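Engineer: What follows is a predicted protein model with its sequence.
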Amino acid sequence: MRAGWVVSAIGHVGFVVLTMLAWETRSTILPSSGTVVPVEIVDVAAESNVRALARDVPDEEVSGSEAPPSEEQEAPSLTPEPAPRRPRQPQEEFNVGATQDLLNRDAEQRRRREHGETSDRDQIGGGLGTAERVALEDRVSALTQRAMLRCWRMPADLPDPERLVVTLSFELDRNGNLRGQPRVVSPTNTTFDPHMRAAVEAALRAVRSCNFSFFPEDPAVGPHYDAWDELDYTFRVQAP
């Protein structure tokens, strides 16, 4: 009995030892079916931010895509550009009124030549020397002053009459009649000076009422209408 138990114990111990050896040997042997690769699971987006690789284009294709320049672009144009046309000047319209005025003027000048009249545009004392012209002007001034002293009422009754100086300009026709209205040369404004305004009105009345028919009748100045056709006269109170 003891011998059987010993044999049984040895058998069990040996089985256990063989089993352990077999297990350790199997755990150290790697499977020969293939290499183990780790795999990572990622989420794929709808669009990728990876730039596409540029495709290499052969030089022949690049050179072939460029179109050769045309002959019209290479060769400059030898035909000169036409010169720009100048704008046509507008033709002046025929003025019938201006022509009629010119004809009337010629007729007036012809009539004056036939009747021996001098032109209004002649220079004062034309054809005379310096002394004769001065004498002619002095004669006109003297005749004008003599007429004004007869026609003008001096404003001696106004206060401070020495300052009431008035200058008028007026025109005469060939018969010595007043042509138009006399013009006030000075003073230029009498709105706030009633005494000066009264002096101006007195001077205007003198020119309008005076008779200048002595000019064409005077033997010295009568032939020289251009010397007395337009006159300027200054009205002033003479100091006693």
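Structural biologist: Received, thanks. Numbering: from 1, shown residues only.
Engineer: Please enumerate residues in contact with stretch 151-168?
Structural biologist: Around stretch 151-168, the neighbours that count as contacts under CB atoms under 8 Å, 6 or more residues apart in numbering are 182-187, 195-196, 198-200, 202-207, 209-210, 232-237, 239. In this view, the C-beta of every residue, glycine as well, is placed from N, C-alpha and C.
Engineer: tell me which residues of it are tucked away?
Structural biologist: By neighbour count with 16 or more other CB atoms under 10 Å, stretch 151-168 contains the buried residues 152, 154-155, 158, 161, 164, 166-168.
Engineer: quick one, helices of this protein?
Structural biologist: Listed in chain order, the helices of the chain (DSSP state H) span 2-28, 59-65, 71-74, 96-115, 130-151, 194-209, 214-217.
Engineer: Now do the second one, average pLDDT.
Structural biologist: So the one you mean is helix 59-65. For helix 59-65, mean pLDDT is 51.
Engineer: next one: the third one
Structural biologist: In this model, helix 71-74 has an average pLDDT of 52.
Engineer: Note down every partner strand of the longest strand seen in the chain and its orientation.
Structural biologist: Using DSSP state E to assign secondary structure, the strand with the most residues in the chain is strand 178-186. When sheet partners are counted by DSSP bridges, strand 178-186 sits next to strand 166-172 (antiparallel).
Engineer: okay, the partner strand in CSV with CA atoms only?
Structural biologist: The C-alpha trace of strand 166-172 is given here as CSV (Å, rounded to 0.1, in the frame of the first residue of the first chain):
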residue,chain,number,x,y,z
VAL,A,166,-22.1,173.0,-58.7
THR,A,167,-20.6,171.7,-62.0
LEU,A,168,-22.9,170.8,-64.9
SER,A,169,-22.2,169.3,-68.4
PHE,A,170,-24.5,170.0,-71.3
GLU,A,171,-24.6,169.7,-75.1
LEU,A,172,-25.7,172.2,-77.8
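Engineer: Now do the nearest residue to residue 222 once chain neighbours are set aside: how many residues are near it, please.
Structural biologist: The shortest distance from residue 222 to any non-neighbouring residue, by CB to CB, 6 or more residues apart in numbering, is to residue 216 (4.9 Å). Other residues near residue 216 come to 17 when the count uses other CB atoms under 10 Å.
Engineer: In contact with residue 216, which residues?
Structural biologist: Contacts for residue 216 (CB under 8 Å, 6+ apart) come out as 174-176, 222, 225.
Engineer: What of residue 148?
Structural biologist: 206-207, 210, 233, 235 are the contacts of residue 148 under CB under 8 Å, 6+ apart.
Engineer: any chance of the residues you listed in a markdown table, plus distance to residue 8 and pLDDT?
Structural biologist: Listed next are these as a markdown table, based on distance: CB to CB, whole Å; pLDDT from 0 to 100:
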| residue | distance to residue 8 | pLDDT |
| --- | --- | --- |
| 206 | 183 | 96 |
| 207 | 180 | 97 |
| 210 | 186 | 96 |
| 233 | 180 | 97 |
| 235 | 180 | 95 |
